[in-house]
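> this one's structure only:
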C-alpha cells in the first residue's frame with residue numbers, strides 16, 4: 001500500500017500536535033490482534049528505526065499504546081497525549097525530518113492456573129525482543145517531514161519471519177521439551193530448552209559418563225562462544241576478537257587439554273523476559289522446579305551425565321550470575337558448587353542505586369529542598385549511562401503492566417507478587433517512582449539472597465559449605481558491587497563463634513573493573529579454559545569416596 005503523509009504547516013512552532021494514523025494490512029494478518037503498538041521516530045535517516053532504540057543518550061524516540069481486538073484495515077490513532085520516551089508525549093516532538101517505523105508486539109491471552117486471564121507477549125525463540133520477535137507486524141521505514149498538526153499514515157505490511165532452528169553439530173546438540181509444571185501454570189503448552197556442548201569422543205565412548213557445568217545466561221539462540229572454523233579475514237576488529245576466542249575454545253576443547261564434561265546452556269524465556277531467573281515465582285510460575293525436576297534430569301539422562309550433586313556445578317554472569325547463586329541457594333543439595341560472576345542485586349539494601357527497604361522513591365533522593373536523580377549505571381569514563389527514571393519510563397512505553405520484556409520489568413515479575421488482575425505488582429510506580437513498602441517486604445521475604453541466607457543459615461549453611469564463589473568489579477557498570485559486598489559481609493561473618501558453619505567459598509573483586517568481571521584470567525585464555533579445570537578439581541573434592549573422578553578428567 002502506498003503511504004500517505006498529510007502535512008499541515010501552521011507556522012513556526014517549538015512543538016507539534018502531530019498524529020500518527022496506523023493500520024495493518026490484511027495480507028500481513030487476517031485476524032484481529034491484541035498487543036503493544038510502538039512507533040519509533042529516529043533522527044538517523046538510514047537503517048531501520050526499530051533497531052535504533054537503546055539505553056541512554058543515543059536512543060531514538062518511541063511512542064506506545066495498547067491495542068485490543070485491532071482489526072485489519074482499522075486505523076489506530078496516536079495523538080499529542082500519547083506516551084513516549086525520552087520525550088514524554090507525542091506533542092513534545094519538535095518539527096523536523098525523521099525516519100518513522102511502527103511495530104506491533106503481539107499479545108497472547110493466557111488463562112493461568114491461578115484463575116487470572118492476562119495478555120502477554122509469548123517468546124518465539126528470539127528472547128523477548130519486541131523488534132525481532134517472529135509474528136510481530138512492522139512497517140517499512142519512511143522518511144517524513146513533521147511540522148505542527150502533521151498527520152502521518154503508517155501501514156504495517158510486514159511480518160517478522162520465524163527463526164530457523166539451529167542444526168546439531170558433532171559437538172553442539174539442541175534439546176527442547178514440554179514442561180508439565182509450566183504448562184499447568186500457564187494454561188497452554190510451555191517448553192524448556194538446552195544447548196549441550198559434548199566433549200571429544202562423546203559418540204565413540206557410549207560407556208563414558210560425564211559431570212555437568214550448567215551455564216546460566218540470558219537467552220541465546222545457540223552456543224556462539226564455540227567456533228569450529230577459523231575466523232574470516234574480513235571480520236571487523238571486535239568480531240575478530242570474539243571469533244578468535246571462540247575458535248581457541250574449540251581447539252582447547254578438542255585437544256584433550258580440558259576436562260571432558262558437558263556444558264549445558266539452559267533456555268527458559270518467559271512471557272516477561274528472556275529468562276526466568278531460574279526460581280519459582282508468583283508471576284512466571286515454577287521455573288526452578290521445572291528446571292531441576294524436568295529439564296536437567298532429561299538432559300543428564302540423554303547425554304550420559306553422572307547425575308550426582310557433586311558432579312553438577314553452575315556458572316554464569318550478570319542475570320546468569322544471580323541465577324547461578326539463587327539455584328545453588330534454593331536447591332542446596334542438588335548442585336555441588338556455584339560460580340556467580342557479576343551477579344544482579346543479591347542484597348536489596350543495594351538494589352543498584354536503590355535501598356529497597358529505606359528509600360521512599362526509586363527515581364530520586366530528596367532532601368528538604370534538593371532532589372537528585374538515582375542512576376541506573378555508569379560508563380567507563382564515569383559519565384552517566386542512564387537514570388532509573390528514564391530507563392523505567394522507556395520500559396513503560398514499550399509495555400504497560402510489566403510487559404516491556406526489559407530488565408526492570410523482569411525484576412518486578414521475578415521478585416514481586418502478582419496484583420489483583422494477575423500482572424506483576426511493581427515495587428515502584430512507573431509514573432512517579434514511589435516505592436510500595438508491602439511489595440518491598442515481599443521482595444525481602446522471598447528473593448533477597450542475603451536476607452534468605454541470614455534467616456536460615458543454620459539449615460542452609462551445612463549444605464552450602466564450599467559451594468558459593470563470586471566475582472565482581474569494584475566499578476561495576478550497574479552498581480552491583482555494593483550488594484555483593486553485603487553478601488560477602490554476611491558469609492564471612494559465619495566464621496565468627498556461634499555463627500557457623502563457615503561458608504568456605506570465595507569472593508574476588510576486580511579493582512576498577514566494570515560489568516561483567518569474571519575473575520583475573522591470563523591474557524589469551526578463554527573463560528572456559530580457565531574455569532573448567534577449576535570446576536573439575538572442585539568436583540573431585542566434593543565427590544564421595546568411590547566416585548569416578550578420573551575417567552573424564554583428560
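Arrived safely. Just so you know, these numbers come straight off a predicted model, no measurement behind them. Numbers count the residues shown, from 1 in each chain.

> Spit out the contact partners of residue 200.
By Cβ atoms under 8 Å, 6 or more residues apart in numbering, the residues touching residue 200 are 253, 254, 256, 260. Using the backbone N, CA and C atoms, a C-beta is placed for each residue, glycine as well.

> What pLDDT does the model give the closest residue to the second one other than its chain neighbours?
Which is residue 254. Among residues not flanking residue 254 along the chain, residue 200 sits closest, at 4.9 Å (Cβ to Cβ, 6 or more residues apart in numbering). At residue 200, the pLDDT value in this model is 92.

> ok, now residue 3?
Per-residue confidence (pLDDT) for residue 3: 34.

> Now do the helices in the stretch 251-400 of the chain.
Using DSSP state H, counting those that start in this stretch, the helices of the stretch 251-400 of the chain run over 287-290, 296-302, 319-330, 388-398.

> Could you rank the contacts of residue 200 by neighbour count and give me the top one?
Counting by other Cβ atoms under 10 Å, residue 253 has the largest number of neighbours within the contacts of residue 200, with 23 neighbours.

> low-confidence ranges in the chain?
1-16, 554 (pLDDT under 70).

> Could you identify the longest strand within it?
Secondary structure of the chain per DSSP state E: the longest strand is strand 96-111.

> Tell me how far it lies from the chain's centre.
Put simply, strand 96-111 sits 20 Å off its chain's centre (Cα atoms, centre = their mean, to the nearest Å).

> just stretch 301-310 next, same as before
A distance of 27 Å separates the centroid of the chain from that of stretch 301-310, by Cα atoms, centre = their mean.

> Residues contacting that stretch, please?
The contact list for stretch 301-310 (Cβ under 8 Å, 6+ apart) reads 173, 175, 196, 198, 202, 206, 208-212, 262, 297, 299-300, 311, 333-336, 539, 542-544, 547-548.

> coming back round to it: Serialize the contacts of residue 200 to a markdown table and add fields for distance to residue 123.
Shown next, in a markdown table, are these (distance: Cβ to Cβ, whole Å):
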| residue | distance to residue 123 |
| --- | --- |
| 253 | 29 |
| 254 | 33 |
| 256 | 38 |
| 260 | 33 |
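
> and these, which two are the farthest apart?
Farthest pair in the contacts of residue 200 (Cβ to Cβ) is 254 and 260. Separation: 10.5 Å.

> List the buried residues of whichever strand or helix holds residue 486.
Assessed by DSSP states H and E, residue 486 sits inside helix 481-493. Neighbour-count burial for helix 481-493 flags 481, 482, 483, 484, 485, 486, 487, 488, 490, 491 (criterion: 16 or more other Cβ atoms under 10 Å).

> Go through these and name the one nearest residue 137.
Using Cβ to Cβ, residue 483 comes nearest to residue 137 of the buried residues of helix 481-493, at 40.1 Å.

> Any figure for the gap between the closest one and residue 283?
Noted for residue 483: a distance of 22 Å to residue 283, by Cβ to Cβ, to the nearest Å.

> Run the chain-centre distance for stretch 275-285.
Taking Cα atoms, centre = their mean, one finds stretch 275-285 lying 12 Å from the centre of the chain it belongs to.

> With stretch 453-473 instead?
With Cα atoms, centre = their mean as the basis, stretch 453-473 stands 24 Å off its chain's centre.

> Secondary structure of the residue nearest to residue 254: a strand, I assume?
No: per DSSP: H, G, I helix; E, B strand; the rest coil, residue 200 lies outside any strand segment and is coil.

> From residue 237, how far off is it?
Distance of residue 200 to residue 237, computed by Cβ to Cβ: 31 Å.

> likewise residue 431?
Per Cβ to Cβ, residue 431 is found 43 Å from residue 237.

> Looking at the two, which is more packed in?
Neighbour count, other Cβ under 10 Å: between residue 431 and residue 237, residue 431 has more, with 11 against 7.

> What strand or helix carries the more buried one?
Per DSSP H and E: residue 431 is located in neither a helix nor a strand.

> returning to that earlier point: looking at the buried residues of helix 481-493, which is nearest residue 475?
Comparing the buried residues of helix 481-493 against residue 475 with Cβ to Cβ places residue 481 closest, at 7.4 Å.

> unless I'm mixing things up, that closest one is touching residue 471, no?
No: with contact defined as Cβ atoms under 8 Å, residue 481 does not reach residue 471; the gap is 10.6 Å.

> who touches both of the two?
Common neighbours of residue 481 and residue 471 (criterion: Cβ under 8 Å, 6+ apart): residue 509.
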